[in-house]
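Peer 1: Sequence and predicted structure below; questions after.
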Amino acid sequence: MTATDAAPSDGRLRAGWQALRAALMARGTVHTLPTAERVTRAGLLVWAPVLVAIGVGGWFLLHVEPDLPHYALALGGALAALGLAWLAPRRAMAGRLDWDRADLLRLAGLGLALVLTGFLAAGLRLHLVAAPVMDYRYYGPVEGRVVQIDRSARDRMRVTLDRVTLRDTAPARTPERVRLSLTGDIPLPQVGSRVMLTGHLGPPTGPAEPHGFDFRRAAFFDGLGAVGYTRNPILTVERAPTRRLDATAVRLALSAAMQRGIGGQEGAVAAALMTGDRSGIAEATNQLMRDSNLYHIVSISGLHMSMLAGFVYAALRLALAGVQAVGLLVGRPVHKLAALVALVVATAYLWLSGGGVPTERAWLMVAVMLVAVLADRRAISLRTVALAALVILLVAPEALVTPGFQMSFAATSALILLFPAWSRRAQALPWVLRGVALLVISSLIAALATSPLAAAYFNRSAQYGMVANLLVVPVMGALVMPAGVIAALLAPVGLATPALWLMGLGTRWMLHVAELVTGWGGAVVTVTAPHWAAVPLGGTGVTVALLALHGARGQLSRIVAALARMMVLAGALVWMTTERPHLLIAGDGSAVGLMTAAGRVLSKPVGAFVADSWLRADGDLATAEAAAARPGWQGEKGARQASLGGLRIVHLSGKGAGERLAQACTKDAIVILAAPAPEGEGRDCLLLDQSRLARSGALAGWLENGQMRWTSDRTSVGARLWTSPAVRRAWGLNGTRRLAGERASAPEENAGAATAKVKGGRAEQEKRESERGNP
């Protein structure tokens, strides 16, 4: 080991370090440095996104909203950690500290600083995107500018508006963006135009069950402050301005041209591939591609960006090689020119697609690789992926908790870590088989890396997904993407028709393969949703273990790898021992789901979001209607009853629900009332009325020894800016701001309307139930 191997990164200390190491070696007192030196040699960059992700993840796990003193403390801690990293090698240079310990202290300081940087980045991002969120129901005129048109999971067209104006609503309380679903055959407005309509709006909905997908959080980071629907026509009051460089206008124009030129769902899929406009794809087609594991193809991501950039790079480099063959540009680095043009094309593709975290992530990874070619560095390496992940986590920390981010980097990292082993053995194969073998192995590696995440988040596994991808992905890379580029080049002179026809062949093949594999028996296998801690434990453990084993070996590496393996094992055990709730209650009391031997039975067929979320998490493919038809609930509509371990479950809904409460509320009964309870009622039973559910959110219950153990959305998430109106008011997002020294109200004090107040006997009842552990 040479002196420069373990040299600190600071150039000013390099000479002193080398002299000290040479002197120690001459005296024979140098010992083998610990793994800290080896980590330094391998580079802290590959560990940086992991450490930042720990800080971001810890911030999202908080149940209270950090205030300015918390961020000041984190900033001070980060600066102190950086100071430790700066001071440790200098104390070693002065002979006051052993070099081994100095190196460990330096790495510990840098690691702590990165963790706290992730915490600070998440908080900064939250307050940069913070905007008012509607905390009441609104019906009336809505005016705004159309910024997006898409299609919902229920196959309804949706419009997103910004620069919103609402009747009798102060600007400080008006959401920055609202999204409305269009019911019926309503003509779509033009993106960029200012419109007026009459619609229903309300706050983004919470999870269907505790620890479920939280749409409120996703909407908050997207600046979406209200969602709703309209049945009325949309009136355009101001047409969209004409802009030559308007990405939205260009994207929609190209999408419309592709759909006209190709036709059918083939044209809609081709438009989504090239422009990111998925509004033309029917939900049946989306589901077909999900069940065949081909849905990732219609979302612009690393696959599309790498195919496009790779085609441009390879085609231009081949053309320039031909130019060199005739005696021109001899000796010029034509590969760098090809990389530069490919980078420009990839950037134009990012602009055209309208961005978004998946597309920006894909562009960043491709850009880093192409810049590495320009800088004569390895284009594909773990450091490249680490740099892309680090930038994304610092710019958009909320990406960490999305499936797209996790699955994308899991697949890419696995391919890079295992590719060297493939390269050493590929030479033994005939060159004709290498390409096919590479495709099969890369698809298998990516599938294995992403399958646990897909199962955890989507609760289903496409059994023939690898077969479908093997049949489709080569066609996408060899036919569809090149034809799309050629069509874009020929469109200005009106010669794009042949290229569009080729694109249509490719997308038609993709849909044919999707339909073929989903028709095979057992194409989709359902998986029960794991406990929320399983993915963080397992994902962090796998990542740390791979990085520890990938780098230089040493005692510390082995210890870290062993701890990481224990985390993976803990995550697997948590998943395997997860027990689904015996009772689920919607956050508005509109539905109750009871677990039976035949599966979950719904008290009534409810909306797609709640029913689909519950059944999917159970690993159940039944529809809401089928689940409601199962045996378990009895009684007339609006007064359903069921039995759970000796407890009587009653669900009252519809008109007159409150009037039936007195008769239903008896000892050993749990009554769910989809309305506010009348004053003084509900003393003899556990009453969960709409007012109480407004404070707790969705509830999940487990029967243990004849008693119900409850978990609520409020206890699982806490009071954060995206969940609590009180916290938003404290931060001044709804037109008010907390005064100095004023205590922010607890979320339960302000979450509901005036009906949320509980007086007299109701208050005493809630106190008794709280002591018993009830919600």
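Peer 2: Great, that's in hand.

Peer 1: would you list every one of the helices in the stretch 451-600 of the chain?
Peer 2: Under the criterion DSSP state H, counting those that start in this stretch, the stretch 451-600 of the chain contains helices at 465-475, 481-490, 497-518, 534-550, 555-576.

Peer 1: Compute the inter-axis angle for the first one and helix 481-490.
Peer 2: Inter-element angle recorded for helix 465-475 and helix 481-490: 40 degrees (by axes from the mean of the first three to the mean of the last three CA atoms, to 10 degrees).

Peer 1: And the average pLDDT for helix 465-475 is what?
Peer 2: The average pLDDT within helix 465-475 is 85.

Peer 1: which strands and helices sit next to it?
Peer 2: When contacts are defined as 3 or more CB pairs under 8 Å, 6 or more residues apart in numbering; DSSP states H and E, helix 465-475 sits against helix 431-458, helix 497-518. In this view, the C-beta of every residue, glycine as well, is placed from N, C-alpha and C.

Peer 1: same check, this time on the fourth one
Peer 2: Contact here means 3+ CB pairs under 8 Å, 6+ apart; on that basis helix 534-550 packs against helix 48-61, helix 403-426, helix 431-458, helix 555-576.

Peer 1: Regarding the protein, what is its longest strand?
Peer 2: Longest strand in the chain, counting residues (DSSP state E): strand 138-151.

Peer 1: Pull out the buried positions in the following helix or strand past it.
Peer 2: The element immediately downstream of strand 138-151 (helix or strand, assigned by DSSP states H and E) is strand 157-166. Using 16 or more other CB atoms under 10 Å as the burial criterion, the residues of strand 157-166 that qualify are 157-161, 164, 166.

Peer 1: can you check stretch 657-674 too?
Peer 2: The neighbour-count criterion (16+ other CB under 10 Å) identifies 657-658, 660-661, 664-665, 669-674 as the buried residues of stretch 657-674.

Peer 1: before we move on, back to that, now, of the helices and strands packed on helix 534-550, which is deepest in the fold?
Peer 2: Mean neighbour count (mean count of other CB atoms under 10 Å) peaks for helix 48-61 among the helices and strands packed on helix 534-550, with a mean of 21.

Peer 1: follow-up on the earlier one: in a markdown table: the buried residues of strand 157-166, plus distance to residue 367 and pLDDT.
Peer 2: Rendered in a markdown table, the data for the buried residues of strand 157-166 read as follows (distance: CB to CB, whole Å; pLDDT from 0 to 100):
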| residue | distance to residue 367 | pLDDT |
| --- | --- | --- |
| 157 | 34 | 89 |
| 158 | 31 | 93 |
| 159 | 32 | 94 |
| 160 | 28 | 95 |
| 161 | 32 | 96 |
| 164 | 35 | 95 |
| 166 | 41 | 95 |
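
Peer 1: closest to residue 587 among these?
Peer 2: Ranked by distance to residue 587 (CB to CB), the buried residues of strand 157-166 are led by residue 158 at 22.0 Å.

Peer 1: Report the residue ranges of every domain in the protein.
Peer 2: What automatic domain parsing lists as the domains of the chain is 3-129, 138-241, 250-396+464-526, 402-463, 534-576, 583-771.

Peer 1: So what's the model's average confidence on the fifth one?
Peer 2: Averaged over domain 534-576, pLDDT sits at 87.

Peer 1: cool, and the last one?
Peer 2: Averaged across domain 583-771, the pLDDT comes to 79.

Peer 1: Residue 167: neighbouring residues, count only.
Peer 2: When counting by other CB atoms under 10 Å, one arrives at 11 neighbours for residue 167.

Peer 1: just the one 5 residues further on next, same as before
Peer 2: Other residues near residue 172 come to 12 when the count uses other CB under 10 Å.

Peer 1: circling back to that earlier point, can you lay out the buried residues of strand 157-166 as a markdown table showing distance to residue 106?
Peer 2: Converted to a markdown table, the buried residues of strand 157-166 look like this (distance: CB to CB, whole Å):
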| residue | distance to residue 106 |
| --- | --- |
| 157 | 56 |
| 158 | 52 |
| 159 | 54 |
| 160 | 48 |
| 161 | 52 |
| 164 | 51 |
| 166 | 55 |
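
Peer 1: Tell me the one among those residues nearest to residue 561.
Peer 2: Nearest to residue 561 among the buried residues of strand 157-166, counting by CB to CB, is residue 160 at 46.3 Å.

Peer 1: what's the pLDDT at the nearest residue to the closest one once chain neighbours are set aside?
Peer 2: Nearest residue to residue 160, sequence neighbours excluded (CB to CB, 6 or more residues apart in numbering): residue 148, at 4.0 Å. Residue 148 is assigned 88 on the pLDDT scale.

Peer 1: about what we covered before: list just the nearest of the buried residues of strand 157-166 to residue 390.
Peer 2: residue 160 (30.3 Å).

Peer 1: Would you mind measuring from the closest one to residue 228?
Peer 2: Separation of residue 160 from residue 228 (CB to CB, to the nearest Å): 12 Å.

Peer 1: Common neighbours of those two, please.
Peer 2: Residues within reach of residue 160 and of residue 228 at once, by CB atoms under 8 Å, 6 or more residues apart in numbering, are 178-179.

Peer 1: Filter the buried residues of stretch 657-674 down to just the ones in helices.
Peer 2: Within those, residues falling in helices by DSSP state H are 661, 664.

Peer 1: And for residue 611, nearest residue in space, chain neighbours not counted?
Peer 2: Leaving aside its chain neighbours, residue 611 sits nearest to residue 624 (3.5 Å; criterion: CB to CB, 6+ apart).

Peer 1: Ignore what I typed, I meant residue 504.
Peer 2: Nearest to residue 504 is residue 262, by CB to CB, 6+ apart, at 4.0 Å.

Peer 1: what kind of secondary structure is residue 229 in?
Peer 2: Under the three-state scheme (DSSP: H, G, I helix; E, B strand; the rest coil), residue 229 adopts strand.

Peer 1: Make 459 the starting number, not 1.
Peer 2: With the count now opening at 459, the last piece we talked about shows up as residue 687.

Peer 1: neighbours around it, how many?
Peer 2: Residue 687: 16 surrounding residues under other CB under 10 Å.

Peer 1: I'd say it and residue 641 touch.
Peer 2: Yes: with contact defined as CB atoms under 8 Å, residue 687 reaches residue 641; the gap is 5.9 Å.

Peer 1: between the two, what contacts are shared?
Peer 2: Residues touching both residue 687 and residue 641 (CB under 8 Å, 6+ apart): there are none.

Peer 1: What residues sit buried inside the strand or helix carrying residue 713?
Peer 2: Here residue 713 sits within helix 705-720, counting by DSSP H and E. For helix 705-720, the neighbour count (16+ other CB under 10 Å) marks 705-707, 709-710, 712-713, 715-717, 719-720 as buried.

Peer 1: what comes up buried for whichever helix or strand comes after it?
Peer 2: The first helix or strand that comes after helix 705-720 along the chain, using DSSP H and E, is helix 722-733. If you call a residue buried by 16+ other CB under 10 Å, then helix 722-733 has these buried ones: 723-733.

Peer 1: I'd like those as a markdown table, with distance to residue 857 and pLDDT appended.
Peer 2: Below are these laid out as a markdown table (distance: CB to CB, whole Å; pLDDT from 0 to 100):
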| residue | distance to residue 857 | pLDDT |
| --- | --- | --- |
| 723 | 30 | 91 |
| 724 | 31 | 91 |
| 725 | 31 | 91 |
| 726 | 27 | 91 |
| 727 | 25 | 90 |
| 728 | 27 | 89 |
| 729 | 25 | 88 |
| 730 | 21 | 86 |
| 731 | 22 | 83 |
| 732 | 24 | 83 |
| 733 | 22 | 82 |
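
Peer 1: Let me know the closest of those to residue 582.
Peer 2: Nearest to residue 582 among the buried residues of helix 722-733, counting by CB to CB, is residue 733 at 32.1 Å.
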